[in-house]
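**Q** Could you work out the structure for the sequence below:
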Amino acid sequence: MKKGSTILVIDDNEDFRKLLAETITMWGFNAAEAVDGEQAMSIIEQFSPDLVIVDLDMPNMNGVEFTKRVKAINPNFPIIMVTA
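**A** Below you'll find the predicted structure:
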């Protein structure tokens, strides 16, 4: 992935989300943040990030449900799922 690409970080844990977003920015990428899957879907529709990093365990829409929704729209969309 090229420097300057946008990575969307989705996590309900604000501290982890912000730390990961700051690290991504330090590596030369643009970082966008979402608190949950619903907010992330809006961001994806508006800005089309190059990669998504999503937490597995979130309220309302977990990482698996989010991934299924995105893959139904675009099967080739790159997603990395993480859990702590």
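**Q** Give the buried residues for the strand or helix carrying Glu45.
**A** Secondary structure from DSSP states H and E places Glu45 in helix 37-47. Under the neighbour-count criterion of 16 or more other C-beta atoms under 10 Å, helix 37-47 has 37, 40-41, 43-44 buried. (Each C-beta comes from the backbone N, C-alpha and C, glycine too.)
**Q** who does that helix touch, helix- and strand-wise?
**A** Applying 3 or more C-beta pairs under 8 Å, 6 or more residues apart in numbering; DSSP states H and E, we find helix 37-47 packed against strand 6-10, strand 30-34, strand 51-55, helix 63-73.
**Q** Let's see that with 7 Å instead.
**A** strand 6-10, strand 30-34, helix 63-73 (3 or more C-beta pairs under 7 Å, 6 or more residues apart in numbering; DSSP states H and E).
**Q** orientation of the first one relative to strand 30-34 in degrees?
**A** Okay, so that is strand 6-10. 30 degrees (axes from the mean of the first three to the mean of the last three C-alpha atoms, to 10 degrees).
**Q** I'd like the numbering to begin with 20 instead of 1 from here.
**A** OK, 20 is where the count begins now, so the last one is strand 25-29.
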